[in-house]
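J.: only geometry, no sequence info:
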């Protein structure tokens, strides 16, 4: 059987020492999903499922079997294809209520929820926290009083998060990270959408913020030396610590940083017809991908 970091796929396992949280990892490993998407089952009596993952029959059936007719709610952190598509099949099998920020990408909730929404379980309360940045409809969920933060793709184990415009927004992302780091919320651990349990949540959040600040500084340094540059040229300057095969993905985060810096009036760009095919997106943002970027005077 295929395994994820020592654990079989679709096999429920306890989340650390918690008696209220279980994790089931989908068999969808990859460059963007790491060892696979983590689905979390919260509670012991009436159960809540967070991020059913992709619509994989074996995975959804594993969740259903583990829930033993006690699954009452299904929540998604966001509607990306590795987190939400399994929700409909799971709801059909269990009759559970679908909850999420909005209807999008094929996901249709029974109830739309937002910041500060609370779901009461016999063992505690799941609180929604709006954390846009990776996606504009991204929610984290904090299980109180245990202090487990279900972070979706806001924070991951083993890697940083790709911010892909136009829906991904670096300014929003940094603000969401800072909010969690600086809040008075009880954060005991992070249950990421991909990878293993994260101890010391605020240290991890600070690490993420520091990493992004260094990337931003390196982007500005690249533009200082080059005067004008295409995104792929900036990537080659900044991502020297990343294998070349990951550079096409790194373009998204550089683009997100540049859009933030443009909003800060630190950089500008000249439109060009040279648009990277793998980065094309609907709308007026196309021009930013093929244009040259330079420091504001």
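T.: Yep, that arrived. Model, not experiment: these values are computed from the prediction. Numbering: from 1, shown residues only.
J.: Centroid-nearest residue for this protein?
T.: For the chain, the residue whose C-alpha lies nearest the mean C-alpha position (CA atoms, centre = their mean) is residue 153; its distance is 1.4 Å.
J.: Quick check: chain neighbours aside, which residue is closest to that residue?
T.: Distances taken as CB to CB, 6 or more residues apart in numbering place residue 134 nearest to residue 153, at 4.7 Å, with adjacent residues excluded. Glycine gets a C-beta too; all of them are placed from N, C-alpha and C.
J.: Could you count how many residues lie near that neighbour?
T.: In terms of burial, residue 134 registers 28 neighbours under the definition other CB atoms under 10 Å.
J.: hang on, the earlier thing: test my guess that the residue nearest to the centre of the chain contacts residue 195.
T.: No. At 11.0 Å, residue 153 and residue 195 do not qualify as touching, with contact defined as CB atoms under 8 Å.
J.: Now do stretch 66-74: everything it contacts.
T.: 12, 22, 24, 41, 43, 45-49, 52, 63-64, 87, 90-91, 94, 96-99, 119 (CB atoms under 8 Å, 6 or more residues apart in numbering).
J.: ok, and for that stretch, which residues are buried?
T.: The neighbour-count criterion (16 or more other CB atoms under 10 Å) identifies 66-67, 71-74 as the buried residues of stretch 66-74.
J.: what's the answer for stretch 88-103, then?
T.: Counting neighbours by 16+ other CB under 10 Å, the buried set in stretch 88-103 is 88-91, 94, 96-101.
J.: if you average pLDDT over stretch 40-56, what comes out?
T.: The average of the pLDDT scores along stretch 40-56 is 97.
J.: Please apply the same query to stretch 116-133.
T.: Along stretch 116-133, the predicted confidence averages to a pLDDT of 97.
J.: So what would you say the end-to-end distance of that stretch is?
T.: Its start and end residues considered, stretch 116-133 measures 18 Å (CA to CA, to the nearest Å).
J.: which residues touch it?
T.: Among residues not part of stretch 116-133, those counted as contacts by CB under 8 Å, 6+ apart are 20, 42-48, 73, 75, 99, 101, 113-115, 138-146, 152, 154, 163, 168-170, 172-177, 179-180, 185.
J.: Can you name the element that comes right after the helix ranked longest in the chain?
T.: Ranked by number of residues, the top helix in the chain under DSSP state H is helix 201-226. Along the chain past helix 201-226, the next helix or strand (assigned with DSSP states H and E) turns out to be strand 228-229.
J.: contact partners of the helix or strand just after that next one?
T.: Scanning forward in sequence from strand 228-229, with DSSP H and E defining helices and strands, the next element found is helix 231-238. Helix 231-238 is touched from outside by 215, 218-219, 221-223, 225-226, 229, 247, 250-251, 254-255, 258, 276, 279, 289, 293, with contacts defined as CB under 8 Å, 6+ apart.
J.: Now, of those, which are buried?
T.: Burial of the contacts of helix 231-238 was assessed by neighbour count (16+ other CB under 10 Å); the buried members are 215, 218-219, 222-223, 226, 229, 250-251, 254-255, 258, 279, 289, 293.
J.: Tell me the gap between the helix or strand containing residue 250 and the middle of its chain.
T.: Secondary structure from DSSP H and E places residue 250 in helix 247-263. On the basis of CA atoms, centre = their mean, to the nearest Å, helix 247-263 is displaced by 16 Å from the centre of the chain it belongs to.
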